[in-house]
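[1] Here's my sequence, what's the structure:
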Amino acid sequence: MDLSQFDANSLGNPNHNLFGLPTSEEDARLVILPVPWEVTVSYNAGTARAADNISKASLQVDLYDADYHDIWRNGFYMREVDKKILLKSDYLRKEAELYIDYISNGEEVERNNFMCRSLKEINEGSNFMINWVHAQTKELLDKGKLVALLGGDHSTPFGYIKALTEKHGSFGILQIDAHCDLRKAYEDFRYSHASIMFNVLEEMPGIEKLVQVGVRDYCDEEIDYISASKGRIITYFDKQIRERMYEGETWKKISDEIVAGLPQKVYLSFDIDGLDPKLCPNTGTPVAGGFEVSQVFYLFKKVVESGRQIVGFDLNEVGVGNNDWDANVGARVLYKLCNMFVANNL
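    Okay, the predicted model is just below:
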């Protein structure tokens, strides 16, 4: 269907694609790759099934966006969830749960052949997922598509970020997150969700700068890593942001400062747990504190207004609960990100 003739006031059609849009992959300006993976999550599971839940909830999203009017007419398309990846995630997740329980009791892995095999399988599985994501996203980028990634846990975008470095050379990352994700091989899992930014910085010299915003749950190891980064990592902790605002600074001033620390090309990595957990109660590792959705949207708007180019984004850690609340919030966050990304690249 020609989207120029599509009625934006109509009900969302479940027979159409994301947000009820009758878009094909071929015609879409933006293609979203869902990655149903949560092998190394260390608290709540469920995010591997976020894409289907968000897709369903997206039919309730009205298409009018006051900031980016009618951008959806350029076409957004989300690929179907790859069931083989999901099944592999489910299988390895069970292995990881046994392994985490084993080491949590202080047992020595080297003395247990089963646990040694499990750890090897899990790390090999993560490598498989990374290579799969890299191949899928590179193929789309080579076709001239704008590409976004929908997790899954926060380990999922590594292969996509790698593909973007191959295309763009260098850029910075703006990370919204309750966590630093700078741990080295957390729980012995090399590509843990808690290690995504450590791995990106260690393996991709093209990442000029990592600017983290909203962090409120972290360890000594991560603080030391930030301190030793010589300014390559700038972290805006939730506590510091709130104290600055309590003492009279505006979110505009802080947002402008955050944006000023970014290079010309920017990748957005949005872990939904960066929001107040009332908005994402079933995310993998919820933490008290966090942003309202409008605060994050305002920051992203400032990135666009600064003239910087957004090269890609991921949205991850959207949980699955007994109601559709997490998916509803996730769908609305995803819609804003899609509109902003395409508008920035017209």
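[2] now whichever strand or helix holds residue 120, how far from the chain's geometric center?
    For residue 120, the element it lies in under DSSP states H and E is helix 113-142. For helix 113-142, the distance from its own C-alpha centre to the chain's C-alpha centre is 17 Å (CA atoms, centre = their mean, to the nearest Å).
[3] Repeat that for stretch 157-171.
    The chain centre lies 14 Å from the centre of stretch 157-171; the measure is CA atoms, centre = their mean.
[4] before we move on, what about stretch 314-325?
    When C-alpha coordinates are averaged (CA atoms, centre = their mean), stretch 314-325 and its chain have centres 12 Å apart.
[5] and that stretch, how far apart are its ends?
    Using CA to CA, to the nearest Å, one end of stretch 314-325 lies 20 Å from the other.
[6] Just the buried residues of it, please?
    Neighbour-count burial for stretch 314-325 flags 314-320, 324-325 (criterion: 16 or more other CB atoms under 10 Å). Yep, even glycine has a C-beta here, placed from its N, CA and C like the rest.
[7] just checking, which of these belong to strands?
    If you go by DSSP state E, the buried residues of stretch 314-325 have 314-316 in strands.
[8] Isn't residue 48 up against residue 36?
    Yes - using CB atoms under 8 Å, residue 48 makes contact with residue 36 at a distance of 4.4 Å.
[9] still on that earlier bit, if we go by neighbour counts, what in the helix holding residue 120 is buried?
    115, 118-119, 121-123, 125-126, 129-130, 132-134, 136-138, 140-141.
[10] Outside of the helix or strand containing residue 208 itself, which residues are in contact with it?
    If you go by DSSP H and E, residue 208 is part of strand 207-215. For strand 207-215, the surrounding residues in contact (CB atoms under 8 Å, 6 or more residues apart in numbering) are 161, 165, 170-180, 197, 200-201, 231-238, 241, 258, 261-263, 274, 289-291, 299.
[11] change it to 6 Å
    Residues outside strand 207-215 that contact it (CB atoms under 6 Å, 6 or more residues apart in numbering): 170, 172-176, 180, 197, 200-201, 233-238, 261-263, 274, 291.
[12] Mark which of the residues you listed are part of helices, please.
    197, 200-201, 238 (DSSP state H).
[13] what's the pLDDT at the residue lying farthest from the centre of the chain?
    For the chain, the residue at maximal distance from the C-alpha centroid (CA atoms, centre = their mean) is residue 111, at 36.5 Å. Residue 111 carries a pLDDT value of 85.
[14] For it, which residues are in contact?
    Per CB under 6 Å, 6+ apart, neighbours of residue 111: none.
[15] Then residue 313?
    By CB under 6 Å, 6+ apart, the contact set of residue 313 is 148, 268, 337, 341.
[16] Of the residues you listed, which is the most crowded?
    With neighbours defined as other CB atoms under 10 Å, the most crowded of the contacts of residue 313 is residue 148; it has 26 neighbours.
[17] so when I look at it, I'm seeing a helix, right?
    No - counting by DSSP: H, G, I helix; E, B strand; the rest coil, residue 148 is located in no helix; its state is strand.
[18] who's the nearest residue to it once chain neighbours are set aside bridged to?
    In space, and not counting its chain neighbours, residue 148 is closest to residue 32: 4.7 Å by CB to CB, 6 or more residues apart in numbering. Judged by DSSP bridges, the bridge partners of residue 32 are residue 78, residue 148.
[19] Let me have the buried residues of stretch 314-325 in CSV, extended by pLDDT and distance to residue 191.
    What follows is the buried residues of stretch 314-325, written out as CSV (pLDDT from 0 to 100; distance: CB to CB, whole Å):
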residue, pLDDT, distance to residue 191
314, 98, 15
315, 98, 19
316, 97, 14
317, 97, 15
318, 97, 20
319, 95, 21
320, 92, 22
324, 92, 30
325, 96, 30
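[20] Out of those, which is nearest to residue 9?
    The nearest member of the buried residues of stretch 314-325 to residue 9, counting by CB to CB, is residue 324 at 22.5 Å.
[21] hang on, the earlier thing: thought residue 146 was touching the residue nearest to residue 148, still the case?
    No - contact criterion CB atoms under 6 Å: residue 32 and residue 146 do not qualify, at 9.5 Å.
[22] The two: which is more packed in?
    Each of residue 32 and residue 146 has its neighbours counted (other CB under 10 Å); residue 32 has more, 26 against 23.
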